[in-house]
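Sequence and predicted structure below; questions after.
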Amino acid sequence: MSIGIFGANGRMGRALIEAGHNEEQANLTQALVRDTSSFKGIDAGEIAGIGKIDLATVAQSSANADADVYIDFTLPDACMANLGWCVANKKPIVIGTTGLSKEQLAKIDDAAKHIPIVFAYNMSVGVNLLVNLLKTAARVMGDYTDIEIWEAHHRFKKDAPSGTALMLGQAIAEELDRDLDKVAVWERKGDTGERDRDSIGFATVRAGDIVGEHTAMFADIGERIEITHKASSRLTFAKGAVRAALWLKGRDVKLYDMQDVLGLKG
């Protein structure tokens, strides 16, 4: 199955090139970059640091829709342009871009009426298993414990809290029949008063080259449970995205997530 990668020169784009090249069932046929990119025409393998793979990068505007499925981990505005391109060319797409606005999320929902889409804030198999573990913890302990979510990423990450932290918070809130927009506490400073039992707190760290760490805490008087996922390589997310792309080919027009890909629903 052939795969095309948007934003091939980015941090995740490079990891996707490596993951796509190493996956036996995948055939990496397109590595797309911005029209103004200085990486145009360079071998994608050299960009990814894995040596030549005889696949030169191509400017987005001059690219044909030759791949079976496309993968996008670019910035929000670029992602929306790439999504429109996929809709126009009737091509399925896997989206891992974070920091999307409500309007941009609505555009993904609308596009899923025309093409198959897998959209997830985190493509890691481990993180998506973590979601299921947190739902179980929420069912058992959520009504009487204080719930906090802590996340850490590298200094270059632009959105906060991370999309994965939001995904974890949303999963817990839905399990407890709470509206995350109403119960989330994004920051604390000064005299905040006693903690609201229904609230879900978020804490963010940005430092160094941390790939991604997420912890959800369920704390009671006398005991607490902490469930943590730590990623040490972007290949974790890239491999999951390639797995999603392989799964997506031939699917019905619909919006899917990694829970669908991994068979964790129901």
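Noted; the coordinates are in hand.

quick one: least confident helix or strand in the protein?
Taking mean pLDDT, DSSP states H and E as the measure, strand 58-59 is the helix or strand of the chain with the lowest mean score, a mean of 91.

can you give me how far it is from the chain middle?
Taking the mean of its C-alpha atoms, strand 58-59 sits 24 Å from the chain's own mean (Cα atoms, centre = their mean, to the nearest Å).

Kindly report the same for stretch 2-12.
A distance of 14 Å separates the centroid of the chain from that of stretch 2-12, by Cα atoms, centre = their mean.

Please identify the buried residues of the longest helix anywhere in the chain?
Using DSSP state H to define each element, the chain has its longest helix at helix 125-141. Residues of helix 125-141 classed as buried under the neighbour-count rule (16 or more other Cβ atoms under 10 Å) are 125, 127, 128, 130, 131, 134, 135, 137, 138, 141. For glycine as for every other residue, the C-beta is placed from the backbone atoms N, C-alpha and C.

Check which helices and strands the least confident helix or strand of the chain sits against.
Applying 3 or more Cβ pairs under 8 Å, 6 or more residues apart in numbering; DSSP states H and E, one finds that strand 58-59 contacts strand 27-33.

Now for the nearest residue to residue 178 once chain neighbours are set aside, how many residues are close by?
Take residue 178 and drop its neighbours on the chain: the residue closest to it by Cβ to Cβ, 6 or more residues apart in numbering is residue 198, 6.1 Å away. Number of residues near residue 198 (other Cβ atoms under 10 Å) recorded here: 15.

where do the helices sit along the stretch 51-200 of the chain?
76-88, 102-111, 125-141, 163-175, 180-183 (DSSP state H, counting those that start in this stretch).

so how far is the third one from its chain's centroid?
In this case it means helix 125-141. Computed by Cα atoms, centre = their mean, the chain-centroid distance of helix 125-141 equals 17 Å.

so who does the nearest residue to residue 159 once chain neighbours are set aside touch?
Counting by Cβ to Cβ, 6+ apart, the nearest residue to residue 159 once its immediate chain neighbours are dropped is residue 99, at 3.3 Å. When contacts are counted by Cβ atoms under 8 Å, 6 or more residues apart in numbering, residue 99 touches 75, 76, 158, 159, 163.

Now tabulate the residues you listed in a markdown table and tack on pLDDT.
As requested, the contacts of residue 99 are exported to a markdown table (pLDDT from 0 to 100):
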| residue | pLDDT |
| --- | --- |
| 75 | 93 |
| 76 | 95 |
| 158 | 89 |
| 159 | 90 |
| 163 | 89 |
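
where exactly do the strands run in this structure?
Residue ranges of the strands in the chain, as given by DSSP state E, are 2-5, 27-33, 58-59, 69-72, 93-95, 117-119, 146-153, 184-185, 200-206, 212-220, 223-231, 255-256.

pLDDT weak spots in the stretch 51-200 of the chain?
Within the stretch 51-200 of the chain, no stretch has pLDDT under 70.

ok, residue 29 to residue 191 distance?
When Cβ to Cβ, to the nearest Å is applied, the distance between residue 29 and residue 191 equals 58 Å.

Looking at these two, which has the bigger crowd around it?
Neighbour count, other Cβ under 10 Å: between residue 29 and residue 191, residue 29 has more, with 15 against 5.

Which strand residues bridge the closest residue to that one other than its chain neighbours?
Sequence neighbours aside, residue 2 is the residue nearest to residue 29 in space, at 4.2 Å (criterion: Cβ to Cβ, 6+ apart). Taking DSSP bridges, one obtains residue 27 as the residues bridged to residue 2.
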